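A.B. asks: Predicted coordinates and the sequence they were generated for:
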Amino acid sequence: MKIQVTADLLDGLVLALLAQKDYYGYALTQDMQKAISISESTMYPVLRRMRNNGYLTTYDQSYQGRNRRYYKITATGQVHLKRVLTMWNNYKDSLDKVFSGAAEEDR
């Protein structure tokens with residue numbers, strides 16, 4: 001079963017990783033794939049949108065003769081991350097109540 005990931009949750013996951021360290025696109029996609037199924041072709045438009053919203057900035061750094069574009073969380077991104085974490089915790093708590101009630105009925 002595949003659970004759909006909303007744009008807010010996707011933003012939160014990206015920002016949570018960027019709050020730990022700066023990432024270049026491919027590495028960020030690889031770490032995101034540890035949690036959810038997402039392709040590079042989906043990831044880059046998300047990163048562009050988030051940059052346009054002011055949640056992250058970019059800078060280029062040379063690596064083996066090529067430039068890598070790194071993404072860095074901004075202060076606005078930190079605020080958005082806190083907002084998403086609050087929404088996630090409220091959502092998770094409401095689901096946990098329903099699931100724990102169902103588990104108690106099975107006993």
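C.D. replies: All right, it came through fine.

A.B. asks: State the number of residues packed around Ala7.
C.D. replies: 10 (other C-beta atoms under 10 Å). For glycine as for every other residue, the C-beta is placed from the backbone atoms N, C-alpha and C.

A.B. asks: who's in contact with it?
C.D. replies: Val46 (C-beta atoms under 8 Å, 6 or more residues apart in numbering).

A.B. asks: what are the phi and psi values for it?
C.D. replies: phi -60, psi -40 (degrees, to the nearest 10).

A.B. asks: From Lys21, how far off is it?
C.D. replies: For Ala7, the distance to Lys21 equals 23 Å [C-beta to C-beta, to the nearest Å].

A.B. asks: Okay, helices next: where are they in the chain?
C.D. replies: 7-20, 25-32, 40-52, 75-106 (DSSP state H).

A.B. asks: For those helices, give me JSON lines that also has distance to Arg69 and mean pLDDT.
C.D. replies: Putting these into JSON lines (distance: least, C-beta to C-beta, whole Å; pLDDT from 0 to 100) gives the following:
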{"stretch": "helix 7-20", "distance to Arg69": "13", "mean pLDDT": "95"}
{"stretch": "helix 25-32", "distance to Arg69": "6", "mean pLDDT": "95"}
{"stretch": "helix 40-52", "distance to Arg69": "9", "mean pLDDT": "94"}
{"stretch": "helix 75-106", "distance to Arg69": "16", "mean pLDDT": "88"}
